[in-house]
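**Q** Quick one, what's the 3D model for this:
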Amino acid sequence: MSTKKSEPATQDSLVHPQVATFFRLAYKNHSQWSALGSAFFVLVSGGMSLAWGAGFAIHSSHREYLLLTFHMQVAWYATATLGALFGAFFTHRLPQQPIYILCSCLVIASGILFLAWPESPGAVIAGRYLDGLANGLVFVPALSTAGEIAVGGVRGLLAATVEQLSSNTGILMQLLYTAVWQVEWNVAIVADQVHGVLSIIYGVVALAMALALCVESPVHLLTRANEQKAVVALRHLQRPYMVTSETLLRLDEHKLYVSTYREMGWWSSLQKGLPSLVKVLAHRLLGSMCLNLVIWSALYETASEVMSYFQAWPYVVFGVLRWCGCFCVAPLMDTTGRKSPTLFGTFSLGIFAFAFAFLVARTPHMIAALVVLFLLQFFAGVGQCSSAVYLTEAFPLSLKPHLVAASYVLEQLTRLGLCSFSPLESDIIAYFYVLGGLSMVFFLLGIFCLPETKVIPLAEAQQKFSKWFNKDF
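**A** Reported below is the predicted structural model:
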């Protein structure tokens, strides 16, 4: 009888084994996402701020100040950099929950400033300062510990969701409300107040998750010689909420990870981390070149040539395709792997960057150029999705927060530089040729240098990254 009853379930799992496995993993490990849910929503607000600062805020009353006022240009990036430096110091020294609570409150305060004083440049600048500080402060602990919280089978999905999908969701939200907003509506609320309302919502949700669902990294607890609390943390990061043989196996894996780097000196860690930093930094900087004022200018100029007057629907297509690129690839991080989607996305990005530059320079017909620019954003989402996963896997434990912070700081400084001037058409064409060239160089070097790190322990992933050359797929 028992054999007959089990037959349908067995046949079901044979027909749809991958789907069954995915949902089983999602159900069992959803607490790992919840533990980082607060960081996700803070980083969604950061995605909105990135898009706002890159020019995607045409209905903002402060749009002209963004280029004319140095203070407004640097506000978000300066405090994001400062927050990352603070985050590097506090990660693995202080519990995460107070940091997440503080960052959530900063996002709420930023939203209140946008909502209450949308016409005041000083209030908007202060709001961008607060949001930047929150994002920089939350980025380092979230990305440093994402790999420590997640099991190997969902580590890629978790890291990509928490950082890349959140940022692209924020970008999409900024572009959506920018697209649907009409100044002739003559309503009491202005566009920047919508930005404020959304930031408040994200901040409140992040605060609730930080208070109720945050779980400390077991690795952090083991580095503090608190094995009992590490077991409790592992118990809360899986279903059922009890100590099982799998819990103890994960505890042993984390112990091995901690012991591997406990005796390693600062200089040895830096030597092992340098190749990782170069690879991750190249990957992240390429991503920062795909959303900035030059990209916005290219979209605006191309769409204006296609239509008699500029409409906002290209913003929607632009944001949706970028988000879809990331959304489609994130679930593949632990099955297909990290390396193949990265190389495919980067190669496609380079092809479309060259194509866009060629079309703008050689032909008066801009419809094809606009389509190419949309597709470029889709493949930017595809190629950049793994950069978050690599951040959480690449660095030695003792220097991980500092190297994650270094990557983030250099990325934001690059974004700031690219958002600080208004490009001419010749500048746009040259920029896309450079973007295409750099994408192809990264693609070729990535074949030989990027490691494949799916479903292996963190210590093994870092060992792979510490080698300059990795030809595995």
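**Q** shaky segments in the stretch 51-200 of the chain?
**A** The model of the stretch 51-200 of the chain has pLDDT under 70 over residues 59-69, 181-188.
**Q** again, only this time at 80
**A** 57-73, 152, 178-191 (pLDDT under 80).
**Q** Could you give the number of residues near L359?
**A** The burial count assigned to L359 is 22, neighbours taken as other Cβ atoms under 10 Å. Glycine gets a C-beta too; all of them are placed from N, C-alpha and C.
**Q** distance between the helix or strand encompassing it and the chain's centre?
**A** Following DSSP states H and E, one finds L359 within helix 339-362. Chain-centre distance of helix 339-362: 21 Å, with Cα atoms, centre = their mean, to the nearest Å.
**Q** Counting by contacts, list what that helix packs against.
**A** In terms of contacts (3 or more Cβ pairs under 8 Å, 6 or more residues apart in numbering; DSSP states H and E), helix 339-362 is packed against helix 266-288, helix 293-306, helix 313-329, helix 367-393, helix 425-449.
**Q** now with 6 Å?
**A** Helix 339-362 sits against helix 367-393, helix 425-449, with contacts defined as 3 or more Cβ pairs under 6 Å, 6 or more residues apart in numbering; DSSP states H and E.
**Q** which of these is buried the deepest?
**A** Compared across those, helix 367-393 shows the largest average neighbour count, a mean of 25 (mean count of other Cβ atoms under 10 Å).
**Q** helices or strands next to it in the packing?
**A** So helix 367-393, by 3+ Cβ pairs under 6 Å, 6+ apart, packs with helix 121-149, helix 155-159, helix 266-288, helix 293-306, helix 313-329, helix 339-362.
**Q** got JSON lines for the ones you listed, with distance to E393 too?
**A** Listed next are the helices and strands packed on helix 367-393 as JSON lines, based on distance: least, Cβ to Cβ, whole Å:
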{"stretch": "helix 121-149", "distance to E393": "5"}
{"stretch": "helix 155-159", "distance to E393": "7"}
{"stretch": "helix 266-288", "distance to E393": "9"}
{"stretch": "helix 293-306", "distance to E393": "28"}
{"stretch": "helix 313-329", "distance to E393": "17"}
{"stretch": "helix 339-362", "distance to E393": "12"}
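**Q** What helices and strands are in contact with the helix or strand harbouring R235?
**A** Element membership for R235 (DSSP H and E) is helix 227-236. Contacts defined by 3+ Cβ pairs under 6 Å, 6+ apart place helix 227-236 against helix 218-223.
**Q** now do 8 Å
**A** helix 218-223, helix 245-262.
**Q** average pLDDT across the longest one?
**A** Across helix 245-262, pLDDT averages out at 83.
**Q** Run a quick neighbour tally on R239.
**A** 11.
**Q** Once you drop chain neighbours, what's closest to it?
**A** K28 (5.1 Å; Cβ to Cβ, 6 or more residues apart in numbering).
**Q** Near the one you found, how many residues? Count them for me, please.
**A** Every residue meeting other Cβ under 10 Å relative to K28 is counted, giving 17.
**Q** My guess is it contacts Q238. True?
**A** Yes: between K28 and Q238 there is a contact at 6.0 Å, judged by Cβ atoms under 8 Å.
**Q** mind checking how far S167 is from P141?
**A** With distances taken as Cβ to Cβ, to the nearest Å, S167 is found 16 Å from P141.
**Q** cool, A80 as well?
**A** 14 Å.
**Q** of these two, who's got more company?
**A** Ranked by neighbour count (other Cβ under 10 Å), A80 and P141 place A80 first, with 29 against 26.
**Q** Confirm for me that that one is in contact with L133.
**A** Yes: counting by Cβ under 8 Å, L133 is a contact partner of A80 at 7.1 Å.
**Q** related to what we said a few turns ago, of all the helices and strands packed on helix 227-236, which lies closest to F443?
**A** F443 lies closest, by Cβ to Cβ, to one member of these: helix 245-262, at 31.4 Å.
**Q** Please name every helix or strand in contact with the closest one.
**A** Judged by 3+ Cβ pairs under 8 Å, 6+ apart, helix 245-262 is in contact with helix 218-223, helix 227-236, helix 458-465.
**Q** repeat that for 6 Å
**A** Identification of packing neighbours for helix 245-262 by 3+ Cβ pairs under 6 Å, 6+ apart yields helix 218-223, helix 458-465.
**Q** What are the buried residues along it?
**A** 247, 250-251, 253-254, 257-258, 260-261 (16 or more other Cβ atoms under 10 Å).
**Q** contacts for it?
**A** 218-219, 222-223, 234, 396-398, 457-459 (Cβ atoms under 6 Å, 6 or more residues apart in numbering).
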